[in-house]
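S.K.: Mind looking at a prediction? Sequence and model below.
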Amino acid sequence: ARLPLVVTGEGAKLVAPDTSTLASAVGLSTAPATDFYDLIVIGGGPGGLGAAVYGTSEGLRTVMVEQHASGGQAGQSSRIENYLGFPDGVSGAQLADRARRQALKFGAELLTARTVTSLEVRGQAKVVGFADGGSIAAHTVILATGVSYRRLGAPGLDDLVGRGVYNGAGVT
């Protein structure tokens with residue numbers, strides 16, 4: 001059997017779908033609406049979501065590109081107490097959801113499951129290339145790529161991650 005098997009609400013069966021196919025099937029945007037923007041934000045954590053909110057609220061045609069899911073590492077945090085505007089703290093999931101909804105409210109375009117592989121300058125444009133060969137361009141690009149934790153280089157560790165071996169603390 002090829003896993004995972006995903007059955008959508010409409011009854012479509014997806015056998016071992018790649019991330020982009022799965023994102024599209026659940027209604028997430030994976031393809032840009034145009035090829036040129038005022039602002040491209042790479043990264044969908046709190047910094048990227050904040051940039052998308054501020055860019056669109058100032059009238060810039062803004063697209064945010066996220067490889068995985070909006071919220072980034074912060075989206076996995078059970079409690080964030082040092083974020084502006086939340087003196088009593090907020091869960092990472094709540095923060096990510098609120099920021100995502102606010103960015104959409106102002107008109108930001110959010111692309112999910114897209115891997116950025118290059119950034120180059122062509123005249124006045126900054127061109128962002130994707131792993132699938134596509135590209136988009138803008139006047140300005142903000143890199144809000146967040147963190148990537150190093151793993152212990154122990155033999156066999158990769159097979160046990162998520163099965164008793166974890167990086168960081170649990171959501172509990």
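M.R.: On my side now, so go ahead.

S.K.: where does the protein have low pLDDT?
M.R.: Scanning the chain for pLDDT under 70 picks out 149, 166-172.

S.K.: 90 - rerun?
M.R.: For the chain, the stretches flagged by pLDDT under 90 are 1-4, 8-12, 17-30, 68-80, 82-86, 146-154, 156-172.

S.K.: Tell me where it has strands.
M.R.: Assigned by DSSP state E, the strands in the chain fall at 5-7, 13-15, 36-42, 62-66, 109-112, 116-122, 125-130, 135-143.

S.K.: ranking those by burial, who's on top?
M.R.: Ranked by mean neighbour count, these are led by strand 62-66 with a mean of 27 (mean count of other Cβ atoms under 10 Å). All C-beta spots, glycine's among them, are computed from the backbone N, C-alpha and C.

S.K.: In TSV: the strands of the chain, plus distance to Ser29.
M.R.: Below are these laid out as TSV (distance: least, Cβ to Cβ, whole Å):
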stretch	distance to Ser29
strand 5-7	18
strand 13-15	18
strand 36-42	14
strand 62-66	9
strand 109-112	6
strand 116-122	15
strand 125-130	14
strand 135-143	13
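
S.K.: what's the longest helix seen in the chain packed up against?
M.R.: Determined from DSSP state H, the single longest helix within the chain is helix 92-106. Judged by 3 or more Cβ pairs under 8 Å, 6 or more residues apart in numbering; DSSP states H and E, helix 92-106 is in contact with helix 46-57, strand 109-112.

S.K.: In it, which residues are buried?
M.R.: Residues of helix 92-106 classed as buried by neighbour count (16 or more other Cβ atoms under 10 Å): 92, 95-96, 99-100, 102-103, 106.

S.K.: ok, so of these, who is nearest Gly71?
M.R.: Using Cβ to Cβ, the shortest approach to Gly71 within the buried residues of helix 92-106 belongs to Ala96, at 2.7 Å.

S.K.: what's that closest one in contact with, if anything?
M.R.: Residues near Ala96 by Cβ atoms under 8 Å, 6 or more residues apart in numbering: 46, 49, 70-72, 74-75.

S.K.: From these, pick the one nearest Leu84.
M.R.: Closest approach to Leu84 among the contacts of Ala96 (Cβ to Cβ): Pro46, at 9.7 Å.

S.K.: Sweet, I'm off.
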